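*Asks:* Next comes the sequence, and after it the predicted model I'd like to discuss.
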Amino acid sequence: MTNASAPDLTGLWDVAIVGSGMGGATVGWALAMRGFSVLFLEKGGDIAPGQDETEGVTPEVRLARGWWPNQVSQRRSDGKCDRFFAAVGCGMGGSSMHYGAALERMAPSDFETLQTPSQHVPPWTVAFDDFLPFYEQAESLYGVGPASKRTAELRLSEWDRELMEAMRRNGLKPEMLHVAMRYDEQCEECVGKICPRRCKADSRTTCLEEALRQPRCRILDHCDVQLLDADGDRVRAIRARRLGKDIEVRARVVVLAAGALHSPQVLLRSRNAWWPQGLANRSDQVGRNLMFHTADIYALWAPRRLNRTGRQKKSISIRDFYVLDGQRLGYVQSMGLEAGRGGIAVYLKDLLRRLGLQNELLLKLAVKLPSHVGAAILGSASVFAAMTEDDPDPNNRLVLDPEEPDGASFSYTITDDLRRRADALRVAFARHVRPWRIMRLSPGLSMNYGHPCGTCRFGDDKASSVLDRNCKTHDLDNLYVVDSSFMPRSGAINPSLTIAANALRVAPQIAERLLRVSG
């Protein structure tokens, strides 16, 4: 990677970006390509592929493998507290290093007004039609445009073709999943792990590396941002710790892109005399309206033996139930995984970790027999994931916790309405794949804690939002947030493409501000 020399921390950068995932790397690339001086501050390091891809349980091992090092705490409505590792990446490329590369647009309805059982949610301040050009730009940048979708159909196995035909006979309209992979002859479809061949288009290979080839762009790795030093109007400096030393970075514009669980922490930790409730938090909305997606996992069997050979197993997208008879049921996609012993073992280990078992040896022993039995029962099943839209609730919020290493703790309640919609999605999907057999692998409704969003949402109303329509904080002149924190609704789609598209939308606004101020 070029421009790896130590950056000059004594000067004033045009832009300093905290984080190098989908939001940070994409906006940084767009600004670096315009000639601005850009400094990335990344908590993790340069993570090489080919190592053990398991997440690990110690902070040191997790950080070395590109995962966020510390656990988070979830405070439940029954008063209990669960501690677990969220599936959040940490390193050059952020969570996109490990992602499955499914890049799908949210639906136009996700941008509209929503009435939930408990509140009225206003529409996005940017209409879908106005956002659409940036979706198209992001698709082109990450290689998932219309041409890639047509080519993907040629890579399907007999198994996938038969399933899609069965769905069509039952009235569904399955589509090819947009996956940001080249799928050349050697492609191993690196779902959930770092791609060793650069076949997968993540934020590092697509944006970060190209940005760092520009003469005025640098990255500061292993840099743990502690807080933002601000007066009443603007951020004056970023205070961080790197390799045991305290450092200070100054920039004309500061961009937070550390993720929806961690960007709010930086703001809340930055309390001072001007900001007693936390930076940019006059509305008391920083950290609130935390949303995830449901994470229902299904196993699907063919009614007869079919050839599974195909270069693209992460292949099928089903949107027919996104809004069905006025109900937001959700979205189903193939995961590119078979229900084999390894996959079952990984799932069971994650479940046991969330229940409190942390000893790696005991975990291996505990899942050995169940994974063998499960693989024997499930046989040739393929795994599908179903996501249902979570709703914003100001009481679902991230707060600072001095007992946690990162300070991360959140209060979150799964509503009866969300459970009902997720169950209705499973029933509707099962009915429309007959004669194929389906079984829910999840023991109960679980949430995808790797898809947090909404904790610094944007909007025109300063009383109910943190950011304006250009993702600049209402309260400070030079502070932006471009990760999934900005989203006022979660939709039922992986947020990666929406994050990248929004970063491309915001970059010209930041560039215009820099040119206006310098001029």
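*Replies:* Sure thing, it's come through. Residues are numbered from 1 along each chain as shown.
*Asks:* Which parts of this structure are helices?
*Replies:* Per DSSP state H, the chain carries helices over the ranges 22-32, 59-64, 128-142, 146-153, 158-169, 203, 209-212, 263-269, 341-354, 360-378, 416-431, 496-518.
*Asks:* The fifth one to helix 416-431, inter-axis angle?
*Replies:* Think helix 158-169. Helix 158-169 runs at 110 degrees relative to helix 416-431, counting by axes from the mean of the first three to the mean of the last three Cα atoms, to 10 degrees.
*Asks:* where does this protein have low pLDDT?
*Replies:* Along the chain, segments meeting pLDDT under 70 span 1-5, 50-56, 149-150, 339-361, 367-380, 519.
*Asks:* Grab the nearest non-local neighbour of the residue most central in space within it.
*Replies:* Nearest residue to the geometric centre of the chain (Cα atoms, centre = their mean): residue 451, 4.5 Å. With sequence-adjacent residues excluded and distances taken as Cβ to Cβ, 6 or more residues apart in numbering, residue 451 is closest to residue 293, at 4.7 Å. All C-beta atoms are positioned from the backbone trio N, CA, C, and that covers glycine.
*Asks:* residue contacts, residue 125?
*Replies:* Shown in contact with residue 125 (Cβ atoms under 8 Å, 6 or more residues apart in numbering): 458, 459, 460, 468, 469.
*Asks:* How about residue 468?
*Replies:* 125, 458, 459, 460, 474.
*Asks:* State the distance from it to residue 458.
*Replies:* Counting by Cβ to Cβ, to the nearest Å, the gap from residue 468 to residue 458 is 6 Å.
*Asks:* same question, residue 95
*Replies:* From residue 95 to residue 458 the distance is 21 Å (Cβ to Cβ).
*Asks:* between these two, who's got more neighbours?
*Replies:* Taking other Cβ atoms under 10 Å, residue 95 and residue 458 do not tie; residue 95 has more neighbours (27 against 24).
*Asks:* The more buried one contacts residue 88, doesn't it?
*Replies:* Yes. Under the criterion of Cβ atoms under 8 Å, residue 95 makes contact with residue 88 at 5.6 Å.
*Asks:* what is in contact with the two at once?
*Replies:* Overlap of the contact sets of residue 95 and residue 88 (by Cβ under 8 Å, 6+ apart) consists of 259, 450.
*Asks:* measure the residue nearest to residue 451 to residue 495 for me?
*Replies:* 9 Å.
*Asks:* any residues in contact with both of the two?
*Replies:* Common neighbours of residue 293 and residue 495, counting by Cβ under 8 Å, 6+ apart, are residue 451.
*Asks:* So which of the two has more stuff around it?
*Replies:* Between residue 293 and residue 495, counting by other Cβ under 10 Å, residue 293 is the more crowded of the two (28 against 24).
*Asks:* contacting residues for the more buried one?
*Replies:* By Cβ under 8 Å, 6+ apart, residue 293 lies in contact with 387, 388, 389, 390, 447, 448, 451, 490, 492.
*Asks:* which pair in the contacts of residue 125 spans the largest distance?
*Replies:* 458 and 460 (8.6 Å; Cβ to Cβ).
*Asks:* what is in contact with those two at once?
*Replies:* In contact with both residue 458 and residue 460: 125, 468, 469, using Cβ under 8 Å, 6+ apart.
*Asks:* Take those residues and write them to TSV, including distance to residue 213.
*Replies:* Shown next, in TSV, are those (distance: Cβ to Cβ, whole Å):
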residue	distance to residue 213
125	34
468	32
469	32
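*Asks:* closest to residue 306 among those?
*Replies:* Closest to residue 306, out of all of the shared contacts of residue 458 and residue 460 and judged by Cβ to Cβ, is residue 125, at 47.6 Å.
*Asks:* Residue 36 versus that closest one, what's the distance?
*Replies:* Distance of residue 125 to residue 36, computed by Cβ to Cβ: 25 Å.
*Asks:* hmm, back to that, adding mean neighbour count, write the helices of the chain out as JSON lines.
*Replies:* As requested, the helices of the chain are exported to JSON lines (neighbours: other Cβ atoms under 10 Å):
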{"stretch": "helix 22-32", "mean neighbour count": "30"}
{"stretch": "helix 59-64", "mean neighbour count": "16"}
{"stretch": "helix 128-142", "mean neighbour count": "17"}
{"stretch": "helix 146-153", "mean neighbour count": "14"}
{"stretch": "helix 158-169", "mean neighbour count": "17"}
{"stretch": "helix 203", "mean neighbour count": "32"}
{"stretch": "helix 209-212", "mean neighbour count": "21"}
{"stretch": "helix 263-269", "mean neighbour count": "25"}
{"stretch": "helix 341-354", "mean neighbour count": "18"}
{"stretch": "helix 360-378", "mean neighbour count": "14"}
{"stretch": "helix 416-431", "mean neighbour count": "17"}
{"stretch": "helix 496-518", "mean neighbour count": "21"}
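*Asks:* Including distance to residue 74, could those go into JSON lines?
*Replies:* Below are the helices of the chain laid out as JSON lines (distance: least, Cβ to Cβ, whole Å):
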{"stretch": "helix 22-32", "distance to residue 74": "24"}
{"stretch": "helix 59-64", "distance to residue 74": "18"}
{"stretch": "helix 128-142", "distance to residue 74": "31"}
{"stretch": "helix 146-153", "distance to residue 74": "37"}
{"stretch": "helix 158-169", "distance to residue 74": "36"}
{"stretch": "helix 203", "distance to residue 74": "27"}
{"stretch": "helix 209-212", "distance to residue 74": "35"}
{"stretch": "helix 263-269", "distance to residue 74": "15"}
{"stretch": "helix 341-354", "distance to residue 74": "9"}
{"stretch": "helix 360-378", "distance to residue 74": "20"}
{"stretch": "helix 416-431", "distance to residue 74": "15"}
{"stretch": "helix 496-518", "distance to residue 74": "23"}
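*Asks:* looking at these, which is closest to residue 197?
*Replies:* Checking these against residue 197 by Cβ to Cβ gives helix 209-212 as the closest, at 14.7 Å.
*Asks:* right, and residue 499 touches residue 483 too?
*Replies:* Yes. Counting by Cβ under 8 Å, residue 499 does reach residue 483; the two are 6.3 Å apart.
*Asks:* what is in contact with these two at once?
*Replies:* The contact sets of residue 499 and residue 483 overlap at 21, 22, 23 (Cβ under 8 Å, 6+ apart).
*Asks:* Can you report how many residues lie near the first one?
*Replies:* The reference is to residue 21. Residues contacting residue 21 under the criterion other Cβ under 10 Å number 34.
*Asks:* Repeat that for residue 170.
*Replies:* Neighbours of residue 170 using other Cβ under 10 Å come to 14.
*Asks:* Skipping its backbone neighbours, what lies nearest it in space?
*Replies:* Closest to residue 170 by Cβ to Cβ, 6+ apart is residue 432, at 4.3 Å.
*Asks:* For the one you found, give me phi and psi.
*Replies:* Backbone torsions for residue 432, taken as degrees, to the nearest 10, come to phi -100, psi 10.
*Asks:* Could you report the distance from residue 207 to residue 273?
*Replies:* Distance of residue 207 to residue 273, computed by Cβ to Cβ: 38 Å.
*Asks:* okay, these two: which has more neighbours?
*Replies:* Per other Cβ under 10 Å, whichever of residue 207 and residue 273 has more neighbours is residue 207, with 29 against 7.
*Asks:* The more buried one and residue 48, how far apart?
*Replies:* According to Cβ to Cβ, residue 207 and residue 48 sit 19 Å apart.
*Asks:* which ones are touching the closest residue in space to residue 95 that isn't next to it in sequence?
*Replies:* Once flanking residues are discounted, residue 95 sits nearest to residue 89: 3.6 Å by Cβ to Cβ, 6+ apart. By Cβ under 8 Å, 6+ apart, the contact set of residue 89 is 21, 44, 66, 67, 68, 95, 96, 97, 98, 99.
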